[in-house]
Structures are given as C-alpha cells and as structure tokens.
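Asks: Sequence first, predicted model second:
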Amino acid sequence: MRALELFRQSPSNIDLVITDLVMPGMSGRELSDHIRRLAPAVPILSTSGYVRPSSDDKEDEYYLRKPYTTQDCCAKSNRCLLWPRRPKLTPWCFSISIRHANRELEGLL
C-alpha cells in the first residue's frame, strides 16, 4: 500500500495519519496497526461511513464519521494533533502539515 510505503520513508515528517477504515487491499485498522508499530506517538484519525469504532472513548476521539465537512475534518484533526500526549503545534505548523499531506495525496490520485 502506497500510504504505508510513504510513511516508512519518513515517519518523522508525518504529524497525523487520516485513513478510511474500509479500503481495498488493506483495511484502515491493518494500516493503523502497521503505523503504530513504526511510530506509536503518531495519531491516527480513522473515518468511515460503514464501520463504527469500538466503545473505547479514546478510539472515538480519533474517529470521524462520514459524511463530514471540511470544517469537521479540520476540527477533529486539530483535536488529534493537540491531544495531551502530543507536543503543541502552532496553527502555522498545522497548516504546513496539511499542505504537505495534500501534495502527497494529489500525487496518489
């Protein structure tokens, strides 16, 4: 899977992973397991219109139900990035991370 390949190349450059739980080839849960083994501190925001997360409150904090707006995605992403175990990122850093992620996603499409 291309996302895992990109993550393996430079895990320290990635502040947040956003993945759908239902994907061809590898599920979002499988991708999350691989990423957690490589970089346990990187938050993973899962999204789906079909699958519900477990009843664990922490997992729900990292879940975004489809359909969602851009504002919903940004708000949830910001909460994931600013979770107490993460260093505080300034809005400028967050903006740079989002632009970098968008460039990478455009290359995949």
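Replies: Noted; the coordinates are in hand. Treat the numbers as computed from the prediction; the structure is a model and nothing was measured.
Asks: what pLDDT, on average, does stretch 25-40 get?
Replies: Per-residue pLDDT over stretch 25-40 has a mean of 91.
Asks: quick one: residue 29 from residue 82, how far?
Replies: Shown here: residue 29 relative to residue 82, a distance of 24 Å by Cβ to Cβ, to the nearest Å. To be clear about C-beta, it is placed using only N, CA and C from the backbone, and glycine gets the same treatment.
Asks: low-scoring pLDDT stretches of this protein, where are they?
Replies: In the predicted model, the chain carries pLDDT under 70 at residues 52-61, 83-109.
Asks: any chance you could map the strands in it?
Replies: Using DSSP state E, the strands found in the chain span residues 17-20, 44-48, 63-65.
Asks: Who does the shortest one pair with, and is each partner parallel or antiparallel?
Replies: Partner strands for strand 63-65, per DSSP bridges, with pairing direction: strand 44-48 (parallel).
Asks: neighbouring contacts of the partner strand?
Replies: Outside strand 44-48, the residues that touch it by Cβ atoms under 8 Å, 6 or more residues apart in numbering are 16-22, 28-29, 32, 35-36, 53, 62-66, 68, 76-77, 80.
Asks: filter these to the buried ones?
Replies: Neighbour-count burial (16 or more other Cβ atoms under 10 Å) applied to these gives 16-21, 28, 32, 35, 53, 62-65, 76-77, 80.
Asks: one step back: mind putting the strands of the chain in TSV, distance to residue 1 included?
Replies: Output for the strands of the chain, formatted as TSV (distance: least, Cβ to Cβ, whole Å):
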stretch	distance to residue 1
strand 17-20	10
strand 44-48	14
strand 63-65	20
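Asks: wait, which of those is closest to residue 10?
Replies: Among those, strand 17-20 comes nearest to residue 10, with 12.8 Å by Cβ to Cβ.
Asks: quick one: contacts of that closest one?
Replies: 3, 7, 28, 31-32, 35, 42-48, 73, 77, 101.
Asks: Mind listing the strands it pairs with, and their directions?
Replies: Sheet pairing for strand 17-20, using DSSP bridges, gives strand 44-48 (parallel).
Asks: Please save the CA atoms from the strand it pairs with in CSV.
Replies: The C-alpha trace of strand 44-48 is given here as CSV (Å, rounded to 0.1, in the frame of the first residue of the first chain):
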residue,chain,number,x,y,z
ILE,A,44,-4.3,8.1,13.5
LEU,A,45,-7.7,9.6,12.6
SER,A,46,-10.0,6.9,11.2
THR,A,47,-13.1,7.6,9.1
SER,A,48,-15.9,5.6,7.7
